[in-house]
Structures are given as structure tokens and as C-alpha cells.
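Novice: 3D model of this:
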Amino acid sequence: MFETTKEWVEMTGREFYTFVTAPENSGRYFMDLGDIVLECTGEQYREHRAEVNHHNYLRAQEEGWTTISLDHYTCRSGHTGEEVIADPSQDVEAAALLALQRQAVRELLKRLPGEERAVLEALYLSDNPKSVRQLAADCGVSHTALNKQLKKILRKIKKVVSTREKKSAIKR
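Specialist: So this is what the prediction gives:
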């Protein structure tokens, strides 16, 4: 652990180099913060170096580029930059609604009884999903009985999701 005492030493660049390269100072770590140099742990040094390297990388990537607002740019036809680069094939609203539906289904799955959740996970959510026949055989029930249970679960999910959609449509 580090000592709690703080020691400030003023050195020239040459004195510091001699100090750092001395054999008795092997294994000590220092962060160069511009005007001052601080002694630190190896972990702190590695974190600092990673941050400095990342910053330098980003600065190197920015060379030759200028960032401007899309509203700033207007082409000869009078369109703004935002209008020029817009992708009409993307339906942002539909993607947002789909994301909301998926979130609603995830929340509902968390609240389902264990047996119902296990059925859905085995059929749809596992890495190796089973067919209804395989799961019915594993559970020792008939294919028809499992199909009825599955339809009941899916109706329950659909009802909750459509109710949420109606509530969110009313709020808009």
C-alpha cells in the first residue's frame, strides 16, 4: 500500500530521467500530466496510458475532417444536409414501435408463471429450440395438450401487448 505522506520534488527533465532510469527505481510508475509528474500504481499507470492512447487515436482520426451541423449545409437545390442524407427506406416510427413491443413481451415473460415461461423458453428462446412434439414428449403430455397450452399462453401475451398499445396510443 502507498504511504500517506506526500513528497513534492522539483526536478529538471535530465534529473527526472536519471531518477527514473536508476536501478533502485525499477518497477515504479509515473504519470506525465504535462506540468507535473505523479507516481502511481501499475494499474493506475496502465489505465492512464490506455486513456492517453485512446485520446491520441481519436485526434489522429479527426485530422483532415471538419464537423459541421447538417442544418448548416445547403446544396444548390436548396435542400439542407439533413434532407439530402435522409434514408426514405427507414421507418423510424415502426422500428421504435417494434422495440416497445419487444420490451413489453420481455416484461411480460418475467411475470409469467414458471411453467408457462419454461414452455416459451424451450420452444422459442433457447439456443436449441425444441418442436412442440419434442417438448410434449419430454414433458410426458400429448402434443394436442401442449398445443392448447401454448395457444393459451400466446393469447395472454397478445392481449397484454395490445392493451399496452392501446394505452400508449391514447397517451399520444
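
Novice: okay, CA-based contacts and neighbour counts for the rest of this
Specialist: OK.

Novice: helix or strand right after the helix or strand containing residue 108?
Specialist: According to DSSP states H and E, residue 108 maps onto helix 92-111. For helix 92-111, the following helix or strand on the C-terminal side (DSSP H and E) is helix 114-120.

Novice: elements contacting that following helix?
Specialist: When contacts are defined as 3 or more Cα pairs under 8 Å, 6 or more residues apart in numbering; DSSP states H and E, helix 114-120 sits against helix 143-171.

Novice: pretty sure residue 89 sits in a helix.
Specialist: No - counting by DSSP: H, G, I helix; E, B strand; the rest coil, residue 89 is not found in a helix; it is coil.

Novice: just for this structure, where's the confidence low?
Specialist: Residues of the chain that meet the criterion pLDDT under 70 lie in 1-5, 73, 164-165, 168-172.

Novice: wait, doesn't residue 153 sit right on residue 118?
Specialist: No - Residue 153 is beyond contact range of residue 118, at 11.2 Å (criterion: Cα atoms under 8 Å).

Novice: mind giving me the domain ranges of this protein?
Specialist: Under the assignment automatic domain parsing, the domains of the chain span 13-62, 92-171.

Novice: quick one: distance of the shortest one to the chain centre.
Specialist: With Cα atoms, centre = their mean, to the nearest Å as the basis, the distance from the averaged C-alpha position of domain 13-62 to the chain average is 30 Å.

Novice: need the distance between the two termini of it.
Specialist: Distance across domain 13-62, first residue to last, is 31 Å (Cα to Cα, to the nearest Å).

Novice: spatially central, which residue of this structure would that be?
Specialist: residue 99 (15.3 Å; Cα atoms, centre = their mean).

Novice: that'll do, ta.
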